[in-house]
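> Next one to model:
(one chain, ligands or ions: 1)
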Amino acid sequence: MRVRHPDGQVFTFDAGALCLELSSVSGGAGMRARFEMLHAPGDFVRWAFASRLDPGAAGVTPTEVVVTEEDLALVKELREAIWAGAWALATGSAPGRAEATVINRVAAGPVPVPQIGPGLARSWRRPVLAGQLTALIARDAVATLTPPTSTRVRMCAADNCALIYLDTSRPGNRRWCSMDRCGNRAKVRAHRSAPDRP
Ligand SMILES: [Zn+2]
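Reported below is the predicted structural model:
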């Protein structure tokens, strides 16, 4: 996903999981408020099409997704629960009961209905309701925030960066949100502080 930081830099961030794409990138409470992308219901549709949820891959167009103010409020409630759960894992503890309760409640909702379309194209029944997409995100959170992937929920190693991702690298040694951003800065710093060679 391409992310625009408030400082103006645009960089590629692979959250590694759909639920973390929502909680890390789309804004949130507290210090994450300045990253807020979801101001109005239509913003959630735009976010969904840019995310790995990608309803477009199921033949859905943005106008076929129904989203209300209540839907947006639920997305934000889920986002905070995922954030708190992911933060707990990335800092060495575990998601609390309150977070799990929100995630479980949303995950229990109906998800998009798969259909066989013209030319055997797989698609979703229209209209697609925002709540169905939200339920998919919550189900992804159940899968991501539990073993075996829960041990791979990490925070960017840069001091001033709190982006949380699922490390899907085979050796499990990913350290940065993005090589375009914090990884590159660390490389430059290491280079500057390297002793001069004779
Ligand atoms: Zn970072």
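
> got the contact list for the residue nearest the centre of the chain?
Most central in the chain under Cα atoms, centre = their mean is E21, positioned 1.2 Å from the mean C-alpha point. E21 makes contacts with 1, 15, 51-52, as judged by Cβ atoms under 8 Å, 6 or more residues apart in numbering. C-beta here means a position set from N, CA and C on the backbone, and glycine is covered the same way.

> Quick check on these: which are buried?
Buried members of those, counted by 16 or more other Cβ atoms under 10 Å: 15, 51.

> Among the contacts of E21, which has the minimum pLDDT value?
Among the contacts of E21, M1 has the lowest pLDDT, at 85.

> Select the longest helix from this protein.
helix 69-90 (DSSP state H).

> quick one: contacts of that helix?
For helix 69-90, contacts defined as Cβ under 8 Å, 6+ apart pick out 19-20, 22-24, 26, 28-29, 32, 38, 40-41, 43-44, 94-96, 98-100, 102-103, 106, 129-131, 134, 137-138, 141, 145, 150-151, 153-155, 164.

> among those, which are in helices?
Residues from the contacts of helix 69-90 lying in helices, with DSSP H as the criterion: 19-20, 22-24, 41, 43-44, 98-100, 102-103, 106, 130-131, 134, 137-138, 141.

> Mark which of those residues are buried, thanks.
19-20, 22-24, 41, 43-44, 99-100, 102-103, 106, 130-131, 134, 137-138, 141.

> list the contacts for R185?
A158.

> helix or strand for it, which one?
For R185, the element it lies in under DSSP states H and E is helix 184-193.

> Mean confidence (pLDDT) on that helix, please.
Helix 184-193 comes out at a mean pLDDT of 85.

> For A88, grab the count of nearby residues.
Residues contacting A88 under the criterion other Cβ atoms under 10 Å number 17.

> can you check F11 too?
F11, neighbours per other Cβ under 10 Å, totals 17.

> Give the helix, strand or coil label for it.
What DSSP: H, G, I helix; E, B strand; the rest coil gives for F11 is strand.

> who's it bridged to?
In this entry, F11 is beta-bridged to V3, by DSSP bridges.

> So it versus S51, what's the distance?
16 Å (Cβ to Cβ, to the nearest Å).

> Over to G28?
Here the distance between G28 and S51 works out to 15 Å (Cβ to Cβ).

> distance of A90 from the ion?
Distance, A90 to the ion, using Cβ to the ion, to the nearest Å: 12 Å.

> Please name the nearest non-neighbouring residue to that residue.
Nearest-residue entry for A90: M155, 4.1 Å, with adjacent residues in sequence omitted and distances by Cβ to Cβ, 6 or more residues apart in numbering.

> so the one you found touches R174, yeah?
No: if you go by Cβ atoms under 8 Å, M155 and R174 don't touch, sitting 11.0 Å apart.

> Show me where the chain dips below the pLDDT cut-off.
Low-confidence segments of the chain, defined by pLDDT under 70: 195-198.

> repeat that with 80
Residues of the chain that meet the criterion pLDDT under 80 lie in 193-198.
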